[in-house]
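**Student:** Dropping a prediction and its sequence here:
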Amino acid sequence: MLFLLLFVGCSEREAVEFEVPSVSVSILNEGPITIGDPIDVALTIISKRNNTLVFPEDRKLFSPFILRDYTTKSTKIKRGINKTLVIYRMAIYNTGMFIFQPLSVKIGDMVYETQPLKVQILSILPKDTDELKPKDIIPPYRPRVRPFFIIIVVSTILLIASLSYFVYRLLRKRLRKVSVTMRPVVEEGIDPYRYSIEELEKVKQQFVKNAMNAKQVYTEISGILRYFIGKLFSINAPQMTTREIKRVLKKKLLKFIPSQHFTSRCTALLGRSDLVKFAKETPERDNVEQDINESIGIVHGVNTRVNEKEGG
């Protein structure tokens, strides 16, 4: 492309006569043009030095030709007069006689048009060769897999499986700890209400004497409430999560107590106990003492209402 710019620039320097301003277009290809060949079209613009130039750049303006790219070069040919050379690189994929439409160029405030060009596009003729033999079509082949890659894939799968199993066992163990109470097994024949109240009173006394911390208190409260609920409604509450206990209480407790007040109080206290035991939440001392009294009130209230309902 640089050679063409220099070649056209040198050839036009020999022409002494030129019109200012003026535009012209020419084809730089020598010889016949066949389908798919690059076609170089030179747009020459003669203008004054201070004139602004606007030349075509939109690919749609060159249809049916396909504009690939273009280059520009501006040279001084006389004092105050410049020659701007725009070389368009195009192609076309049809055969026949085609018209290269006029190009509109704006020089300053005026618009000038080039003359149309006729371009003959020939078909590609095969070369004269003796007995051309078609090549065989290469069948598809299996890609080779390196043994090292197989080892890496198998090792990665085994590692992921091992980690998944380890996480599963860890979570299962943790969930089991959440649901299993730390209270000792109570002998049969003992009144669950009296036992629960006595144990909660002991917890309250030990907390007042600073013999138990908040985590120990909530662990005891959770175990006592689960034992009391389990014995009262014949369910395995010590082995159930707080959410499971809440679902059971909504069904069984409403038979004796129409209001959901006791259910919400009990499940809220169990949920708070889980947070303190396993989430390492540290409540204020006054809040701990209030929750102990709340648990005593829940046990007493539920037992009273159940006994009144059964007695009625």
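**Tutor:** Nice, I can see it.

**Student:** so residue 71 touches residue 87, yeah?
**Tutor:** Yes. Residue 71 is within contact range of residue 87, at 5.3 Å (criterion: C-beta atoms under 8 Å). Bear in mind the C-beta positions are built from the backbone N, C-alpha and C, glycine included.

**Student:** Neighbour count: those two, which is higher?
**Tutor:** Neighbour tally, residue 71 and residue 87, criterion other C-beta atoms under 10 Å: the higher count belongs to residue 87, 20 against 14.

**Student:** Which pLDDT value does the model give the more buried one?
**Tutor:** Note on residue 87: pLDDT of 93.

**Student:** who's in contact with the strand of greatest length in the chain?
**Tutor:** In the chain, ranked by residue count with DSSP state E as the criterion, the top strand is strand 66-78. Contacts with strand 66-78, where a contact means C-beta atoms under 8 Å, 6 or more residues apart in numbering, come from 1, 5, 9, 13, 18, 38, 46, 49, 57, 59, 82-93.

**Student:** Okay, buried residues for stretch 22-30 please.
**Tutor:** 23, 24, 25 (16 or more other C-beta atoms under 10 Å).

**Student:** could I get those as CSV with secondary structure?
**Tutor:** Converted to CSV, the buried residues of stretch 22-30 look like this (DSSP: H, G, I helix; E, B strand; the rest coil):
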residue, secondary structure
23, strand
24, strand
25, strand
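
**Student:** Is it possible to get a markdown table of those residues that adds pLDDT?
**Tutor:** As requested, these are exported to a markdown table (pLDDT from 0 to 100):
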| residue | pLDDT |
| --- | --- |
| 23 | 93 |
| 24 | 91 |
| 25 | 92 |
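
**Student:** Nearest to residue 161 among the residues you listed?
**Tutor:** Nearest to residue 161 among those: residue 25, at 72.1 Å, using C-beta to C-beta.

**Student:** picking that back up, filter the contacts of strand 66-78 down to the buried ones and express that as a ChimeraX selection.
**Tutor:** To isolate the buried ones among the contacts of strand 66-78 in ChimeraX, judged by 16+ other C-beta under 10 Å, type:
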select :5,46,82,83,84,85,86,87,88,89,90,92
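
**Student:** after the helix ranked longest in the chain, next one along is what?
**Tutor:** Among the elements of the chain assigned as helix by DSSP state H, the one spanning the most residues is helix 147-179. Note on helix 147-179: by DSSP states H and E, the next helix or strand toward the C-terminus is helix 192-208.

**Student:** Go through that following helix and flag the buried ones.
**Tutor:** Neighbour-count burial for helix 192-208 [16+ other C-beta under 10 Å]: 192, 193, 195, 196, 197, 199, 200, 203, 204, 207.

**Student:** for stretch 42-60, same thing?
**Tutor:** 42, 43, 44, 45, 46, 47, 51, 53, 55, 56.

**Student:** ok, residues contacting it?
**Tutor:** Contacts of stretch 42-60 (C-beta under 8 Å, 6+ apart): 4, 8, 12, 18-28, 62, 66-67, 70, 76-77, 80-88, 103-108, 114.

**Student:** circling back: which ones among the contacts of strand 66-78 map onto strands?
**Tutor:** Short answer: these in strands (DSSP E) are 46, 82, 83, 84, 85, 86, 87, 88, 89, 90, 91.
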